[in-house]
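A.B. asks: Build me a model from this:
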Amino acid sequence: MAKRSGSADLPLHGGRVPKWLGERMTRLGGVITEAIVLHYGRDEFLKRMAHPFWFQSFGAVMGMDWHSSGITTSVIGALKRGLVPRASELGIHVCGGRGAQSRKTPSELLAIGGRVGFDAERLVTTSRLVAKIDSAALQDGFDLYLHGFIVTDDGKWVVVQQGMNGDQRQARRYHWLSENLESFFDSPHAAIEGTSQGVIVNLADRRAQQSRKGQIDLLENMGPDRIVREAMAIRRAERVVEAVPEQLSLPHLIMPSHHDVREKDVHMSRLRAALASAADRGPKDFQDLLLTPGVGARTVEALAMVAEVVHGAPCRFSDPGRFSLAHGGKDRHPFPVPIRVYDETIKVMKSAVSKGKLGHTEELEALRRLDEQARRLEHYVTGPDLKEIVAGEFRRSSSFAGRSVFGWELPGEPEVSE
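C.D. replies: Sure thing, here's the model as predicted:
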């Protein structure tokens with residue numbers, strides 16, 4: 001049985017991903033996916049995508065707003081663009097998206113099924129059923145506006161879809177995973193992300209089996225007209241109804257409304273360990289990279305966090321804000337996106353994966369050692385606090401070609417605070 005793995009608050013954010021960032025997210029998202037598949041296989045990539053904490057961290061390491069609902073749209077979009085040229089090699093396909101793109105999911109699945117041979121009609125039914133359950137059977141105050149369907153050549157899949165509550169300015173993300181899924185109507189979600197909105201009607205829960213049966217019996221024995229009359233009579237009489245039993249308790253990741261990354265949002269010992277690992281392993285494993293003046297050492301720090309996204313265990317992604325320290329954020333939170341560092345990260349990852357596919361794994365192993373070293377150091381390493389780290393990034397931002405939706409960073413630009 002697929003299990004739920006957590007929940008989270010996602011503040012709604014407006015705006016669009018600028019082209020300069022979207023193109024880089026496409027390249028970095030694609031090469032990170034390749035690295036995961038190369039190390040752990042396609043099934044593991046699907047499991048990662050079904051994990052809400054990892055998904056949020058994945059978006060944060062790519063420079064998106066670390067806490068917002070926009071990560072869902074941007075990650076699905078980046079993967080859809082980035083995996084197309086790799087589809088035949090990886091056997092992974094991304095369908096759907098936001099708004100009108102979501103309605104193209106059936107035709108996209110049929111086209112892919114015609115090429116690779118999986119049962120596309122069954123998957124089209126699955127896509128529609130998953131969307132209907134989260135929009136009708138699960139009535140939690142959020143209206144679906146995004147449906148992403150990721151499928152492999154052998155017909156395994158993960159669904160990531162999102163609804164919004166405009167009045168509350170919040171979003172809720174739903175994760176589904178085909179592995180071990182026995183029924184669509186017995187708590188099938190791998191995860192539901194979002195804050196509680198009061199009593200939730202969840203007819204996809206196993207405890208709602210009697211309710212589902214009772215609704216069918218009502219329609220068969222009473223008819224819709226009589227049901228309406230009875231409901232109106234109940235409302236007029238203001239009868240007190242028994243409360244719905246509590247939903248299953250889930251681990252809860254609360255993404256705060258504040259835009260800036262604060263120390264309480266970051267597991268500081270892990271951040272310091274990543275920085276210390278980069279300082280120690282960098283000169284040993286990335287000598288050629290470090291010949292790039294003023295950029296190489298900082299790039300190794302970003303690579304340490306990318307390496308954790310590739311290799312880290314699920315328990316390590318409870319603080320997505322930490323991963324925004326790799327490449328900043330498009331809105332200058334925690335600092336502007338360091339374009340030179342970002343491009344170096346893509347270059348190193350692309351080189352490592354390309355050589356790894358040919359059997360030359362030295363660069364891939366160097367990245368793995370970064371992650372292993374960080375985990376060894378995190379229990380005793382010390383270092384600066386988050387404000388000092390962020391202030392340093394702002395001071396160096398122009399030398400790293402720092403950029404945000406507000407433009408390029410100039411020398412001496414002030415740090416943002418909220």
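A.B. asks: drop to CA atoms for contacts and neighbour counts, all remaining ones
C.D. replies: Noted.
A.B. asks: helices and strands of this protein: which one has the lowest mean pLDDT?
C.D. replies: Taking mean pLDDT, DSSP states H and E as the measure, the chain has strand 201-202 as its least confident helix or strand, at a mean of 40.
A.B. asks: Tell me how many other residues surround K132.
C.D. replies: Per other Cα atoms under 10 Å, the neighbour tally for K132 reads 13.
A.B. asks: Which secondary structure state does it sit in?
C.D. replies: helix (DSSP: H, G, I helix; E, B strand; the rest coil).
A.B. asks: Mind listing what's buried along stretch 356-375?
C.D. replies: 356, 363-364, 366-375 (16 or more other Cα atoms under 10 Å).
A.B. asks: same question, stretch 268-288
C.D. replies: So stretch 268-288, judged by 16+ other Cα under 10 Å, has buried residues 268-279, 281-282, 285-286.
A.B. asks: now, which of the residues you listed lie within helices?
C.D. replies: Of the buried residues of stretch 268-288, the ones assigned to helices by DSSP state H are 268-279, 281-282, 285.
A.B. asks: thought S127 was touching V151?
C.D. replies: No - here S127 does not reach V151: they are 10.7 Å apart, not a contact under Cα atoms under 8 Å.
A.B. asks: about what we covered before: what would the buried residues of stretch 356-375 look like in JSON lines with pLDDT and secondary structure?
C.D. replies: Formatted as JSON lines, these follow (pLDDT from 0 to 100; DSSP: H, G, I helix; E, B strand; the rest coil):
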{"residue": "G356", "pLDDT": "96", "secondary structure": "helix"}
{"residue": "E363", "pLDDT": "93", "secondary structure": "helix"}
{"residue": "L364", "pLDDT": "95", "secondary structure": "helix"}
{"residue": "A366", "pLDDT": "94", "secondary structure": "helix"}
{"residue": "L367", "pLDDT": "95", "secondary structure": "helix"}
{"residue": "R368", "pLDDT": "95", "secondary structure": "helix"}
{"residue": "R369", "pLDDT": "94", "secondary structure": "helix"}
{"residue": "L370", "pLDDT": "94", "secondary structure": "helix"}
{"residue": "D371", "pLDDT": "94", "secondary structure": "helix"}
{"residue": "E372", "pLDDT": "94", "secondary structure": "helix"}
{"residue": "Q373", "pLDDT": "94", "secondary structure": "helix"}
{"residue": "A374", "pLDDT": "93", "secondary structure": "helix"}
{"residue": "R375", "pLDDT": "92", "secondary structure": "helix"}
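A.B. asks: wait, which of those residues is closest to R316?
C.D. replies: R375 (10.1 Å; Cα to Cα).
A.B. asks: How about the closest one, nearest residue that isn't a chain neighbour?
C.D. replies: Of all residues not flanking R375 in the chain, A273 sits nearest, at 7.0 Å (Cα to Cα, 6 or more residues apart in numbering).
A.B. asks: check contacts around the one you found.
C.D. replies: The contact partners of A273, by Cα atoms under 8 Å, 6 or more residues apart in numbering, come to 373-375, 377-378, 381.
A.B. asks: What distance do you get for it to L370?
C.D. replies: 10 Å (Cα to Cα, to the nearest Å).
A.B. asks: cool, and K350?
C.D. replies: 17 Å.
A.B. asks: for A307, same thing?
C.D. replies: 7 Å.
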